[in-house]
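Engineer: Dropping a prediction and its sequence here:
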Amino acid sequence: MGKPSISQDALQIFKLRHGERKLFSQALMPVRGAHGFRKLTYDYAATLDADQIVKKCVDNGFNAFGLVVKDTDGATVANTKVGWNPTGVDLVKLFQEACQRYNVFYTLSVTSMNDAYRGATHPETVSIHIKNGRHYKKGTPATHKEGEMRVDISEGKTLEDMRKLIPFLTEEKQTITGKARANRGSGYIPLTSFHCPRSEHVDYMVKLVAELARNYKADAIFADYIRYDGQYTDLCGCPRCRAAFAEKSPGKRIIWSKQWKDFREDTIAEYGRRFNAAVKEVDEKIVTGWFNLPAPKIFTRNRIAQNYSKLGAALDVTCPMVYPYLMGTADDGWRWRKFGDLALKFTNWTMGRRFHEYGNKPVLCITNSVECNAEEMLISCQAYDYGLGIALFKFAGTTEQQWAACKLYGEVLKGQKVGDPAPPDSIIRNILMQVYKEHPPKDIRYLRWKPTPVIKG
Ligand SMILES: [Zn+2]
């Protein structure tokens, strides 16, 4: 099976906004701290220098920038009347001004159904478990321990102070860290909540998105976490969902019937349409998008209810999240690189099989520049560029070696046009050999392309 590509026709919406240039985007998650993405901190956001950050991206080959306006914790780093902003800064405005100064394509990303703060302040909109589970009872809200982010106590503050600021923080602390993806954080554990996509949470989200579209000048606004909680198959069994389903498909079983799966997919797609309409009402030319978890249907249909065709039709662009080397990196040893390579193969296979389901639409993949090395980052950039370019996450945590690789890769993309295939292996190898002169790899044993030995004297 050949690699899929985006049609010229589908690229039109980007050409109108961004010309013939391929996109090369870096992203910032302002509440996740200065390293990696395993922390939750509101102190860090206030220290960010938007000009310096966007300039660094531009100096290193990027022509697009994505700001995570609202992460899974629920904070909205904008001047908002609708949402909650514990950081005290309007980062959306500061980054907008910086992007305008450097002529950078500006995307806002908004986490939708996963919202820890609203879980604490509006427990009535949290989705409801239908069955008993190991750690929960049927009929209880899907508020659980957060898997990724951990909280440190700010200087001069107590745990109690932190719990006032972060009302979804527990007293439980994780101290052991490991190399597996879920064990890399340490600190106090927050709770997280997935909300019912038929509840008032959706009205809250649509209002918030409309406010962002109206008050700022973004080139694109993307919906993240536009799905159910993938950890569980038994959501949402709230009275609203049960009644709506019984009316639509009388006598059909929840969880197991085809009709129930369709019902959940339609519920998510309906949110996608409302998200899109809220943006387009303000300005038709703002590009809307949705973050997609590329996986086989047994996961996307049964667990998260992301129907690629229905969501593809609801919004302008699909943004698959492809992070093979978050599964493991050569820097941690042979076994971890093997995991990463397998994840890359598996994702390539899934994308090849399911690409057509997105419809005749642009596809902009996002891959990771953190917790992997420069080679793994570039392999992903190449593998997942289907003609529009590539997005990376994230700014904080990208190593000097990777910045150097980005700079050269960005130069290559500048020489390309939208619709062109990704740069070939020979170019990727060349870039790496140049980068290694200044920034040698941590461990060359498991790399695909090993640096040529330097002959001295
Ligand atoms: Zn519900």
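Structural biologist: Arrived safely. Note that the coordinates shown come from a computational prediction; the quantities given were computed from them, not determined experimentally.

Engineer: Return the residues of this structure in contact with the ion.
Structural biologist: The chain has residues Cys196, Arg198, Cys236, Cys238, Arg240, Cys241 near the ion, with proximity defined as CB under 5 Å from the ion. All C-beta spots, glycine's among them, are computed from the backbone N, C-alpha and C.

Engineer: Counting neighbours, what do you get for the fifth one?
Structural biologist: Number of residues near Arg240 (other CB atoms under 10 Å) recorded here: 16.

Engineer: got the buried residues for the helix or strand encompassing it?
Structural biologist: Using DSSP states H and E, Arg240 sits within helix 239-248. For helix 239-248, a neighbour-count test (16 or more other CB atoms under 10 Å) marks Arg240, Cys241, Phe245 as buried.

Engineer: Need these in TSV (columns: pLDDT).
Structural biologist: Listed next are the buried residues of helix 239-248 as TSV, based on pLDDT from 0 to 100:
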residue	pLDDT
Arg240	97
Cys241	98
Phe245	98
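
Engineer: Tell me the one of the residues you listed nearest Trp334?
Structural biologist: Cys241 (46.6 Å; CB to CB).

Engineer: so who does the closest one touch?
Structural biologist: Residues in contact with Cys241 (CB atoms under 8 Å, 6 or more residues apart in numbering) are Ile128, Cys196, Arg198, Thr267.

Engineer: Then Leu28?
Structural biologist: Leu48, Ile53, Phe65, Gly66, Leu67, Val68, Phe95, Lys394, Phe395, Ala396.

Engineer: Please report the distance of the last one from the ion.
Structural biologist: What that stands for is Ala396. 35 Å (CB to the ion, to the nearest Å).

Engineer: Determine the number of other residues adjacent to the nearest residue to that residue once chain neighbours are set aside.
Structural biologist: Closest residue to Ala396 apart from its sequence neighbours, by CB to CB, 6 or more residues apart in numbering: Ala34 at 5.1 Å. Neighbourhood size, Ala34 [other CB under 10 Å]: 12.

Engineer: Verify the stated contact: Ala34 with Leu48.
Structural biologist: No - assessed by CB atoms under 8 Å, Ala34 is found out of contact with Leu48, at 9.7 Å.

Engineer: Just give me the neighbour total for the closest residue to the ion within the stretch 251-400 of the chain.
Structural biologist: Scanning the stretch 251-400 of the chain for the residue nearest the ion gives Thr267, at 8.3 Å (criterion: CB to the ion). Residues within reach of Thr267, counting by other CB under 10 Å, total 19.

Engineer: Tell me the confidence at it?
Structural biologist: Per-residue pLDDT puts Thr267 at 98.

Engineer: ok, now Ile455?
Structural biologist: At Ile455, pLDDT is 61.

Engineer: What separation do you get for the residue of the stretch 51-200 of the chain found nearest the ion and Ala404?
Structural biologist: In the stretch 51-200 of the chain, the residue that lies nearest the ion is Cys196 (3.2 Å; CB to the ion). Per CB to CB, to the nearest Å, Cys196 is found 46 Å from Ala404.

Engineer: So between the two, which is more surrounded?
Structural biologist: The neighbour comparison of Cys196 against Ala404 (other CB under 10 Å) goes to Cys196, with 24 against 21.

Engineer: shouldn't that one be in contact with His129?
Structural biologist: No - Cys196 is beyond contact range of His129, at 11.5 Å (criterion: CB under 8 Å).

Engineer: Can you give me the buried ones in the longest helix along the chain?
Structural biologist: In the chain, assigned by DSSP state H, the helix with the most residues is helix 258-280. Of all the residues in helix 258-280, those buried under the rule 16+ other CB under 10 Å are 259-265, 267-269, 271-272, 274-276, 278-279.

Engineer: Tell me which residues are up against the next helix or strand after it.
Structural biologist: For helix 258-280, the succeeding helix or strand toward the C-terminus, using DSSP H and E, is strand 287-292. With contacts defined as CB under 8 Å, 6+ apart, strand 287-292 is touched by 13-14, 17, 107, 109, 219-226, 272, 275-276, 279-280, 306, 308, 311, 314-321, 358, 364, 366.
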